[in-house]
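Colleague: sequence and predicted structure, then a few things I'm wondering about:
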Amino acid sequence: MATTFSELGIETSLVEGLSALSIKTPTSIQQKVIPVLLNQKEDVVALAKTGTGKTVAFGLPVLQNIDIKNPTIQAVVLAPTRELGQQIFKNLSEFAAYKPEISIASVCGGIPIKPQIERLKEDTHIIIATPGRLIDLLQRGAVEIKNTKYLVLDEADEMVTVLKDGIDTIVKSLPKTRRTLLFTATMPGTIKQLVQNYLSKHVIHVEADMETVGHQGIDHQYVVVEPEEKLDVLLHFLNTKAGKRGIIFCKTKAAVNKLAKKLAMNKFSSGALHGSLTQGIRDRVMGQFREGHITLLVATDLASRGIDVKEIEYVVQYHFPDTFETYVHRSGRTARAGAKGLSLSVIQQEEVKEIPNLEKELGIRFSEMPKANALAIEENNAILWARKIFKSKPNREVSEDFKTTIKTIFHHLTKEELIEKMLADHLNQTPNKN
């Protein structure tokens, strides 16, 4: 099998773009998909785990097959969220750094549509879009995709709900001679139905490393807790990972907000990410996370799409996922690009029975993480208490006379004695907390 992109048939200018990004060796999915896209004409369904380089796999052949002399849109790439759409736009632009004549536009939702309409008046070869925004542009007559050669559905399993309602509108605007390329990390029944309804009868199926769909390099663990101790166990775990980047998954937006507030109260460097936040806030939080200003994200599943950050050392399932596909996507946020990572599920006793089902379906193995004992939890909570005191800002409204009175009470104590007494008082007030 080819060991370089040149051997796969990728032209020099694109190889140079990859080299500038230090991408030199094709992954398994890239080795299998690129020759098919370059040398054959059929529709393609590619099944590969998250983080294996699917954007490179479809992006390079699409870029290479663009007719620069033709100013019309020749490729439409659909992504489930604006964050992922922006990531794809950034990637394709970087791949094509040495082919500046290729014009790429991002027309995703969550931002004003008028600048996008103006952008589409210029010559454009490739658009990256979220389904809802593309449908809106089509209904306004602001985009013309009748000459499209490629329709790419990236992370298709995350777009099923949106596509179910709107794909007919999109397909009607596309030529029948197009090639449809569907990329997905999982193959639920809804995706199989999508393939049957909208792809040609002669579809080439490509799979890469799906026997290890649970992601090589990921340590899958679970810890069993009682409902009332769940937060304390999480906080203890997070303190053991201080300074390392991680994502905590919750099922609902309300749960994300509640947990993010708890983390902020305990002075963890964290941010919340869910669909009800404005796009500006989501962009700011993601920017802080990528740049390392915050080390924790609390997110819903869909909001996490497009988080392509290599140095995520762990993910936490604070709420156990409802489907195998969701677990694959969550755990796939870590151990990217060959790195190691941890996926920890914080579960209750009645959920333990789900573990064997996950192991069988995904071909992975879980180990049980011992739950922190009462003493460890108590000590951890004391550390969090001390951190809150350390990070507290002085109250400027307190009078000098009052401060003098307080200082008089403590003035005979050394620093060590004061700390001892404060800690004793704290522990005495939380004698039964686990």
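Modeller: All right, it came through fine.

Colleague: so what's residue 37 up against?
Modeller: When contacts are counted by CB atoms under 8 Å, 6 or more residues apart in numbering, residue 37 is found next to 44, 57-58, 61-62, 181. For every residue, glycine as well, the C-beta is placed using N, CA and C.

Colleague: please report phi then psi for it.
Modeller: phi -70, psi -30 (degrees, to the nearest 10).

Colleague: not counting its neighbours along the chain, what's nearest residue 11?
Modeller: Using CB to CB, 6 or more residues apart in numbering and skipping the chain neighbours, the partner closest in space to residue 11 is residue 64 (5.6 Å).

Colleague: one more: residue 187?
Modeller: residue 47 (5.7 Å).

Colleague: helix, strand or coil: sort out the one you found for me.
Modeller: strand (DSSP: H, G, I helix; E, B strand; the rest coil).

Colleague: and for residue 344?
Modeller: strand.

Colleague: before we move on, the earlier item: next, count neighbours for the residue nearest to residue 187.
Modeller: 21 (other CB atoms under 10 Å).

Colleague: which residues touch the residue nearest to residue 11?
Modeller: 10-11, 14, 38.

Colleague: could I get the residues you listed as TSV with secondary structure?
Modeller: Below are the contacts of residue 64 laid out as TSV (three-state DSSP):
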residue	secondary structure
10	coil
11	coil
14	helix
38	helix
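
Colleague: which member of those is positioned nearest residue 258?
Modeller: residue 14 (46.4 Å; CB to CB).

Colleague: and residue 286, how close does it get to residue 272?
Modeller: 11 Å (CB to CB, to the nearest Å).

Colleague: neighbour-wise, which of these two wins?
Modeller: residue 272 (26 against 22).

Colleague: which element follows the longest helix along the chain toward the C-terminus?
Modeller: Ranked by residue count under DSSP state H, the longest helix found in the chain is helix 374-391. Downstream of helix 374-391, the first helix or strand assigned by DSSP states H and E is helix 400-410.

Colleague: residue 283 and residue 245: what is the separation?
Modeller: Distance check for residue 283 against residue 245: by CB to CB, it reads 18 Å.

Colleague: check residue 289 too.
Modeller: Distance, residue 289 to residue 245, by CB to CB: 7 Å.

Colleague: try residue 156
Modeller: 28 Å.

Colleague: and for residue 36?
Modeller: Residue 36 is 35 Å from residue 245, by CB to CB.

Colleague: higher neighbour count, those two?
Modeller: More neighbours surround residue 245 than the other of residue 36 and residue 245, with 20 against 17 (other CB under 10 Å).

Colleague: next one: phi and psi at residue 260?
Modeller: phi -60, psi -40.

Colleague: neighbours around it, how many?
Modeller: Around residue 260 there are 23 residues (other CB under 10 Å).

Colleague: any idea how far it is from residue 384?
Modeller: Relative to residue 384, and taking CB to CB, residue 260 is found at 16 Å.

Colleague: repeat for residue 324
Modeller: In terms of CB to CB, residue 324 sits 35 Å off from residue 384.

Colleague: by mean pLDDT, point me to the weakest helix or strand of this protein.
Modeller: Sorting the helices and strands of the chain by mean pLDDT, DSSP states H and E puts helix 160-172 at the bottom, at a mean of 77.

Colleague: mind checking how far the helix or strand just after it is from the chain centre?
Modeller: As assigned by DSSP H and E, the chain's next helix or strand after helix 160-172 is strand 179-184. Between the centre of strand 179-184 and the centre of its host chain there is 20 Å, according to CA atoms, centre = their mean, to the nearest Å.

Colleague: please apply the same query to stretch 354-369.
Modeller: Counting by CA atoms, centre = their mean, stretch 354-369 comes out at 22 Å from the chain centroid.

Colleague: go on, stretch 10-30?
Modeller: For stretch 10-30 - counting by CA atoms, centre = their mean - the centre lies 23 Å from the chain centre.

Colleague: endpoints of it, how far apart?
Modeller: Using CA to CA, to the nearest Å, the end-to-end distance of stretch 10-30 comes to 11 Å.

Colleague: what number of residues lie near residue 141?
Modeller: Residues within reach of residue 141, counting by other CB under 10 Å, total 8.

Colleague: actually residue 277, not the one I wrote
Modeller: 19.

Colleague: per-residue confidence at it?
Modeller: Per-residue pLDDT puts residue 277 at 86.

Colleague: need the phi and psi values for the residue nearest to residue 11.
Modeller: Per degrees, to the nearest 10, the backbone of residue 64 is at phi -70, psi -30.

Colleague: residue 426 against residue 382, yeah?
Modeller: Yes - contact between residue 426 and residue 382 holds when scored by CB atoms under 8 Å: they sit 6.1 Å apart.

Colleague: and the furthest pair within the contacts of residue 64?
Modeller: 14 and 38 (11.4 Å).

Colleague: the more surrounded of those two?
Modeller: Per other CB under 10 Å, whichever of residue 14 and residue 38 has more neighbours is residue 14, with 22 against 15.

Colleague: verify the stated contact: residue 5 with residue 60.
Modeller: Yes - contact status for residue 5 versus residue 60: in contact at 7.1 Å, counting by CB under 8 Å.

Colleague: mutual contacts of these two, please.
Modeller: Contacts common to residue 5 and residue 60, judged by CB under 8 Å, 6+ apart, are 14, 18, 30, 34.

Colleague: ok, the third one - contacts?
Modeller: Residue 30 makes contact with 5, 8, 53, 56-57, 60 under the criterion CB under 8 Å, 6+ apart.

Colleague: which residue ranges of the stretch 251-400 of the chain form helices?
Modeller: Secondary structure of the stretch 251-400 of the chain, counting by DSSP state H, counting those that start in this stretch: helices at 253-265, 279-290, 324-331, 354-362, 374-391, 400-410.

Colleague: ok, and what's touching the fourth one?
Modeller: Same thing as helix 354-362. By CB under 8 Å, 6+ apart, helix 354-362 touches 213-214, 222, 320, 324, 327-328, 347, 364-366.

Colleague: ok and it relative to helix 324-331, angle-wise?
Modeller: 90 degrees (axes from the mean of the first three to the mean of the last three CA atoms, to 10 degrees).
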